[in-house]
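Peer 1: Quick one, structure for this:
(one chain, ligands or ions: 2)
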Amino acid sequence: PITAFLFDLDGVIVDTAIYHYQAWKRLANELGFDISEEFNERLKGVSRTDSLDIILEHGGLTLPDEEKTQLAAQKNQWYLELVSRMTPEDILPGVANFFSQVRKANLLTAIGSVSKNAPLILERIGLSDTFDAIIDGTKISKGKPDPEVFTKGAAELGVSPAECVVFEDAVAGVEAGRRGGMFVVGLGSPDVLTQADLVAPSLEHLSVQEVLDRAQA
Ligand code: B16
Ligand code: MG
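Peer 2: Ligands and ions are numbered 1, 2, ... in the order given. A predicted model of the protein is given here:
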């Protein structure tokens, strides 16, 4: 049976994906090129350093490690300026209602985010004490699509991967959940999240019962 739900943070519970995109776009523009929203799909769920490598390759730039460290820090500073203005109002539509269903169903919950800023964001939106486990970028050595962030979440909850459902908005995150042996709900477009077991536009369009029925079928 399904006993636990593992949630990605950026793009599932809050729309920080847009802030990541704005900060990376600003960095690319300063370096003399641009990134599109379509290109940005490749950055979702990918760690800060891996994202920078993908962006630099896109712009045809090869830079020394020292400069890359500086650029990643600059992006994070711009990103934090955007995040610092977040409030509980930034929680995506449908999340509160979905979580009250999760509690009624007595399911365990975890956050599985590769973001090192995840604890700060949870604090800004008032959800620091909502989850039974929080796995963030400081607790893992490999980012998505590696399954580590989700397998660690399951381990911390004391459940097996087969008992878990993962909720993800990113191609890399869907792959991570699948590779971890979990049922994956993709939140976004079915044309993008082709590997997900079930796709919905957002948590607003799902009920806990519907997810359990599909995952346990
Ligand atoms: P940071 P998630 C990911 O979070 C984001 O989707 C991705 O765009 C970002 O680069 C990554 O976190 C690292 O974030 O720079 O804050 O450490 O989707 O796994 O919650
Ligand atoms: Mg995400």
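Peer 1: number of nearby residues for E156?
Peer 2: Neighbour count of E156, defined by other CB atoms under 10 Å: 15. Yep, even glycine has a C-beta here, placed from its N, CA and C like the rest.
Peer 1: Ends of stretch 194-205, what's the gap?
Peer 2: 18 Å (CA to CA, to the nearest Å).
Peer 1: what does stretch 112-130 give?
Peer 2: Rule used - CA to CA; the end-to-end distance of stretch 112-130 is 13 Å.
Peer 1: in it, what's buried?
Peer 2: By neighbour count with 16 or more other CB atoms under 10 Å, stretch 112-130 contains the buried residues 112-115, 117-122, 124-125, 127, 130.
Peer 1: Where do the strands of this structure begin and end?
Peer 2: 4-7, 108-112, 133-135, 164-168, 183-187, 198-200 (DSSP state E).
Peer 1: And the last one, what's buried?
Peer 2: Pointing back at strand 198-200 there. Quick answer for strand 198-200 (16+ other CB under 10 Å): L198, V199, A200.
Peer 1: quick one: the first one and V185 touch, right?
Peer 2: Pointing back at L198 there. Yes: between L198 and V185 there is a contact at 5.0 Å, judged by CB atoms under 8 Å.
Peer 1: Next, show the common contact partners of the two.
Peer 2: Residues touching both L198 and V185 (CB atoms under 8 Å, 6 or more residues apart in numbering) are V211.
Peer 1: Quick check: the residue of the protein nearest ligand 2.
Peer 2: G11 (3.6 Å; CB to the ion).
Peer 1: Let me see the contact set for the closest residue to that residue other than its chain neighbours.
Peer 2: Once flanking residues are discounted, G11 sits nearest to D169: 3.4 Å by CB to CB, 6 or more residues apart in numbering. Counting by CB under 8 Å, 6+ apart, D169 touches D8, D10, G11, V12, A17, K44, G45, G186, L187, G188, L193.
Peer 1: cool, M86 as well?
Peer 2: M86 neighbours (CB under 8 Å, 6+ apart): V14, T16, I121, R124, I125.
Peer 1: One more pass at 6 Å, please.
Peer 2: R124 (CB atoms under 6 Å, 6 or more residues apart in numbering).
Peer 1: how much space is there between it and V174?
Peer 2: Separation of M86 from V174 (CB to CB, to the nearest Å) stands at 25 Å.
Peer 1: Around ligand 2, which positions in the protein sit nearby?
Peer 2: D8, D10, G11, G45, D169, A170 (CB under 5 Å from the ion).
Peer 1: just curious, which of the residues you listed is nearest to K68?
Peer 2: G45 (20.0 Å; CB to CB).
Peer 1: Surely the closest one and A170 touch.
Peer 2: Yes: when contacts are counted by CB atoms under 6 Å, G45 is listed as touching A170 (3.3 Å).
Peer 1: how far away is H205 from ligand 1?
Peer 2: From H205 over to ligand 1 the distance is 19 Å, taken as CB to the nearest ligand atom, to the nearest Å.
Peer 1: Just the pLDDT at that residue, thanks.
Peer 2: We have a pLDDT of 96 for H205.
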